[in-house]
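> this one's structure only:
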């Protein structure tokens with residue numbers, strides 16, 4: 001059985017620098033849980049706290065039903081995969097996988113048997129006698145995962161393990177990691193600065209900024225209903241306009257900005273007369289040649305073709321860059337650079353949040 005992980009009001013300070021502030025989360029057994037945020041936000045620090053490489057300055061870490069205070073890394077039911085993978089170049093693949101078992105005194109025949117079972121699990125049967133330099137980047141990634149699973153951890157900690165791979169291989173490995181996690185049932189805690197990785201693989205995602213937890217939610221909820229301006233801007237592309245709140249009614253909020261008045265769904269922390277920002281995803285922007293409700297006058301700048309869609313970049317009359325997604329089927333009607341257009345959106349497809 002995989003174990004749950006609970007972080008209870010955890011703080012971590014290094015001298016006068018506080019890397020993690022009051023972080024609390026409950027990660028269910030068997031969950032694929034990602035921690036997402038920019039470099040330096042405290043992601044790796046949290047992973048090291050769970051692994052036992054560092055003790056929290058304040059707060060508690062529980063794995064399963066046991067408090068981890070004072071329990072060293074080698075006695076915790078966890079395994080960790082680092083960015084570098086740290087495979088041993090002079091050992092064949094099977095010995096790399098079985099290395100942790102050798103350290104625990106497991107006999108060679110049993111180690112080899114377990115390594116072969118794990119090679120089947122990661123879809124590399126027959127690769128046991130190959131050397132590490134004979135493997136592709138994706139194959140090395142899978143071997144590192146198998147080595148971590150060999151010691152039968154209840155929680156697998158992954159520190160941006162795909163960051164060194166090229167885009168196509170990263171996308172392929174996302175699907176493999178997700179499928180492997182489902183097959184094994186092990187709790188995965190995955191840290192990344194890549195929002196697409198977190199959204200594609202995770203059951204839930206925690207978003208962090210400067211050591212502070214911003215939100216924990218499913219990928220769908222995170223994208224559709226960000227709780228804070230930071231989350232709205234960090235997770236996916238967005239257009240945002242800041243102004244003063246001028247009305248709250250029936251779940252909708254109206255905001256007055258230098259570009260006009262706009263209405264969107266009511267988010268958290270709003271007060272009439274307070275500063276607020278309205279967020280509109282590019283795919284929610286509609287293009288027209290005439291003024292519509294909830295619309296911005298803008299000049300088309302460029303059209304970036306991406307296959308299924310194109311990204312229209314425009315600049316509003318007040319100098320703000322705007323993004324709109326145009327489906328492939330509508331490209332014949334796309335504006336030319338320099339053309340004056342209107343970009344509008346439905347109130348239910350925009351979100352108003354209190355300005356941070």
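Looks like it came in fine. Remember, it's a predicted structure, so these values are computed and weren't measured experimentally. Numbering: from 1, shown residues only.
> Counting by contacts, list what the helix or strand containing residue 313 packs against.
Under the criterion of DSSP states H and E, residue 313 resides in strand 309-316. In terms of contacts (3 or more CB pairs under 8 Å, 6 or more residues apart in numbering; DSSP states H and E), strand 309-316 is packed against strand 295-305, strand 321-327. All C-beta atoms are positioned from the backbone trio N, CA, C, and that covers glycine.
> Same list (these) but as CSV, adding mean neighbour count and distance to residue 33.
Conversion of those to CSV gives the following (neighbours: other CB atoms under 10 Å; distance: least, CB to CB, whole Å):
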stretch, mean neighbour count, distance to residue 33
strand 295-305, 17, 33
strand 321-327, 18, 29
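> Break down the stretch 1-150 of the chain into its strands, ranges please.
For the stretch 1-150 of the chain, strands defined by DSSP state E, counting those that start in this stretch occupy the ranges 5-14, 17-27, 32-36, 58-63, 66-67, 78-81.
> before we move on, the earlier item: now the helices and strands packed on strand 309-316 as JSON lines including mean pLDDT and distance to residue 67?
Formatted as JSON lines, those follow (pLDDT from 0 to 100; distance: least, CB to CB, whole Å):
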{"stretch": "strand 295-305", "mean pLDDT": "94", "distance to residue 67": "52"}
{"stretch": "strand 321-327", "mean pLDDT": "95", "distance to residue 67": "47"}
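> okay, these in CSV with distance to residue 187 next?
Listed next are these as CSV, based on distance: least, CB to CB, whole Å:
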stretch, distance to residue 187
strand 295-305, 39
strand 321-327, 36
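> what does the worst-scoring helix or strand of the chain on mean pLDDT rub up against?
Lowest by mean pLDDT, DSSP states H and E among the helices and strands of the chain is helix 167-184, with a mean of 85. If you take CB atoms under 8 Å, 6 or more residues apart in numbering as the criterion, helix 167-184 is touched by 32, 121-123, 137-138, 141-142, 145, 149, 156, 158, 162, 165, 188, 190, 194, 197, 200-201.
> Domain map for this structure?
5-228, 237-354 (automatic domain parsing).
> Could you tell me the angle between the helix or strand containing residue 342 and strand 309-316?
If you go by DSSP H and E, residue 342 is part of strand 340-344. Angle of strand 340-344 versus strand 309-316, following axes from the mean of the first three to the mean of the last three CA atoms, to 10 degrees, is 110 degrees.
> Report the buried residues of strand 340-344.
Residues of strand 340-344 classed as buried by neighbour count (16 or more other CB atoms under 10 Å): 341-344.
> Could you pull up the mean pLDDT of that strand?
Strand 340-344 shows a mean pLDDT of 96 in the predicted model.
> Which elements pack onto that strand?
So strand 340-344, by 3+ CB pairs under 8 Å, 6+ apart, packs with strand 286-288, strand 295-305.
> Give me the secondary structure label for the residue nearest to the spatial centre of the chain.
For the chain, the residue nearest the mean C-alpha position is residue 198 (2.9 Å; CA atoms, centre = their mean). Secondary structure for residue 198, judged by DSSP: H, G, I helix; E, B strand; the rest coil, is helix.
> Contact partners for it?
Residue 198 neighbours (CB under 8 Å, 6+ apart): 34, 36, 190, 192, 205, 219.
> With pLDDT added, can I get those in TSV?
Output for the contacts of residue 198, formatted as TSV (pLDDT from 0 to 100):
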residue	pLDDT
34	97
36	97
190	95
192	93
205	98
219	96
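> Between those, which sits nearest residue 68?
residue 190 (19.5 Å; CB to CB).
> these two touch, right, the closest one and residue 200?
No. With contacts counted by CB atoms under 8 Å, residue 190 stays clear of residue 200, the gap being 11.0 Å.
> Between those two, which is the more surrounded one?
It is residue 190, of residue 190 and residue 200, that has more neighbours when counted by other CB atoms under 10 Å, with 26 against 16.
> Report the beta-bridge partner residues of that one.
Counting by DSSP bridges, residue 190 is bridged to residue 34, residue 158.
> Report the beta-bridge partners for residue 217.
Residue 217 has these beta-bridge partners by DSSP bridges: residue 205.
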